[in-house]
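> Everything below, folded, please.
(chains A and B)
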Amino acid sequence: MTTPRFHRLEPGSTLAEDWFPGTIPENLVVGADCRIDSSFCFKHYYSAAPIGLTIGDRVTIWRTALSVEEEGVLEIGDSCYLANASIVCSSRISLGARVMVSGGATIADSDFHPLGPAARLADTVALSPLGNRESRPAIDARPVIIEDDVWIGFNATVLKGVRVGARSYVAPGAVVVRDVPPDSIATGNPAVVRGATSS
Amino acid sequence: MNARRQLENDWYQGGIPANVEIGRDAYLDSSYAFAACRTERAAGVRLGACCGVYDRATLVVGPDGEVTVGDYSCLNGTYIICRQRITIGAHCLLSWGVVITDAGPSPDTSFEARSAALTATGHGQDRGWPCVGEPQPVTIEDNVWIGFDAVVLPGVRVGRGSIVGCRTIVDRDIRPYSVVVGNPARVVRQLDPDDTESARQRAFQEHLRG
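Take a look at the predicted model:
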């Protein structure tokens, strides 16, 4: 038997012959002709916002974790291609149109845990099997904005508060912790701007 | 392409395409490795004898792509993304999160070319990997070890016996028996070329069961 590689992405639907026994959440707005390989992409989608995820037209999502916390809002523009990446959103992550997020890339808008030792220790307790997750200490989060026509390479990382300017290229393996101006090439860890993209 | 083979007790129901050749005594965790394998070549993927393909190892292969993996090589959660030709030698150790790709944009690619590829792929049912730039074959020679999350970029040849450290970005050829680390990769050591044919025969005598 063959399973289809991609299914039509529709809010509230169950995908035919999905290997993962999940459903597509209802609080999404999805444009025309979007495709996804499995509901597994939503395994860590907990957004309680009226619209937690807005997707444009002709978007492709393949093996990508769309991890959105309760307060999180994620936006994905037209003709984006997300391939085996991780989007970890606790406040807001916005991808413009024609953004490629390549395999192994991670985009995150928070620190995941508090930095201070006492608060971090408290977080280990709140996250433990016996802990109360509602009581987790405050964690710093700042929105991430990826503008139109940005290419994010294999195993690259874009961290909280960063804006990547339009048409820029984030090289494979780059760790982006500061804003990248439009039309730039960002490489290395920490990423530095090394030249301008051609056009 | 009709006769997909199913592995016993496979959690994924997609099966293995007919044009994937699997050598004797090779081991595959799951046919999930081939969920994005679209090659139409007669021998699109060839896995050598006693290869191991473990965990989330994945071969994303375009319609014209050909991937060869030599005997006794191990793909442990490795991503092979091939439009034309990726050749992996024998006795290679490829770790989790490693990406080996023969196509994709370079820093010099215009944003128009990148975005045209994204616009082109967003139609219909079969959403292939966006095609940017000309493919450039990649060769990993025999007995190469690549550490986790490293990336080997299009056109690169990694020489025999080399070690690529974790998270290294390899954007140019690596001479045999080198140790390379960093982003971009730099050579930090040379190794003894002691992996002779007699060493290999000795390994077979001493390290194979029964």
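> what residue lies at the spatial centre of the chain?
Answering for chain A, as no chain was given. residue A:87 (2.0 Å; Cα atoms, centre = their mean).
> Let me rephrase: I mean chain B.
Central residue of chain B (Cα atoms, centre = their mean): residue B:80, at 3.9 Å.
> pretty sure residue A:186 contacts residue A:172?
No - between residue A:186 and residue A:172 there is no contact under Cβ atoms under 8 Å: 11.1 Å. Glycine gets a C-beta too; all of them are placed from N, C-alpha and C.
> Pick out whichever of these two has more residues nearby.
residue A:186 (30 against 26; other Cβ atoms under 10 Å in any protein chain shown).
> Check the more buried one and give its pLDDT.
pLDDT recorded at residue A:186 is 98.
> looking at this, it is in a strand?
Yes - checked against DSSP: H, G, I helix; E, B strand; the rest coil, residue A:186 lies within a strand.
> how much space between it and residue A:29?
From residue A:186 across to residue A:29, the span is 30 Å (Cβ to Cβ, to the nearest Å).
> how close does residue A:21 get to chain B?
In this view, residue A:21 and chain B are 12 Å apart by Cβ to the nearest Cβ, to the nearest Å.
> now the helices: where do they sit in chain B?
B:111-121, B:197-207 (DSSP state H).
> ranking those by burial, who's on top?
With neighbours taken as mean count of other Cβ atoms under 10 Å in any protein chain shown, the helices of chain B reach their highest mean count in helix B:111-121, at a mean of 19.
> Now look at it and say if it contacts chain A.
Yes - using Cβ under 8 Å from any Cβ of the partner chain, we find that helix B:111-121 touches chain A at B:111-112, B:114-115, B:118-119, B:121.
> Dump the helix or strand of chain A with the lowest mean pLDDT to PDB, restricted to CA.
In chain A, no helix or strand scores lower on mean pLDDT, DSSP states H and E than helix A:117-127, which sits at a mean of 92. Presented in PDB, the C-alpha positions along helix A:117-127 are these (Å, rounded to 0.1, in the frame of the first residue of the first chain):
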ATOM      1  CA  PRO A 117      19.400  29.600  39.300                       C
ATOM      2  CA  ALA A 118      16.600  29.800  41.900                       C
ATOM      3  CA  ALA A 119      13.900  30.300  39.300                       C
ATOM      4  CA  ARG A 120      15.400  27.600  37.100                       C
ATOM      5  CA  LEU A 121      15.400  25.200  40.000                       C
ATOM      6  CA  ALA A 122      11.700  26.000  40.600                       C
ATOM      7  CA  ASP A 123      11.100  25.300  36.900                       C
ATOM      8  CA  THR A 124      12.500  21.800  37.200                       C
ATOM      9  CA  VAL A 125      10.100  21.100  40.000                       C
ATOM     10  CA  ALA A 126       7.100  22.600  38.200                       C
ATOM     11  CA  LEU A 127       8.000  20.500  35.100                       C
END
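> tell me which residues in it are buried?
A:122-123 (16 or more other Cβ atoms under 10 Å in any protein chain shown).
> what's the helix or strand following that helix in contact with?
Using DSSP states H and E, the next helix or strand after helix A:117-127 towards the C-terminus is strand A:144-146. Under the criterion Cβ atoms under 8 Å, 6 or more residues apart in numbering or on different chains, residues A:92-96, A:99, A:107-109, A:152, A:158-164 lie in contact with strand A:144-146.
> Try it again at 6 Å.
Strand A:144-146 is contacted from outside by A:93-95, A:99, A:107, A:109, A:162-164, using Cβ atoms under 6 Å, 6 or more residues apart in numbering or on different chains.
> re earlier: what sits opposite the residue nearest to the centre of chain B in the beta ladder?
Residue B:80 has the following beta-bridge partners by DSSP bridges: residue B:59, residue B:100.
> Near chain B, which residues of chain A are found?
A:3, A:6, A:19, A:35, A:58, A:60, A:79, A:81, A:98, A:100, A:103-104, A:149, A:151, A:154-155, A:167, A:169, A:172-173, A:185, A:188-189, A:197-199 (Cβ under 6 Å from any Cβ of the partner chain).
> Can I get the buried part of those as one ChimeraX selection?
The buried subset of those, as determined by 16+ other Cβ under 10 Å, is captured in ChimeraX by this line:
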select /A:3,6,19,35,58,60,79,81,98,100,103,104,149,151,154,155,167,169,172,173,185,188,189,197
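> Ignoring the adjacent residues along the chain, who's closest to the closest residue to chain A within chain B?
Of all residues in chain B, residue B:122 sits closest to chain A, at 3.2 Å by Cβ to the nearest Cβ. Spatially, and ignoring its direct neighbours in sequence, residue B:122 is nearest to residue A:58 (3.2 Å; Cβ to Cβ, 6 or more residues apart in numbering or on different chains).
> does that neighbour count as helix, strand or coil?
coil.
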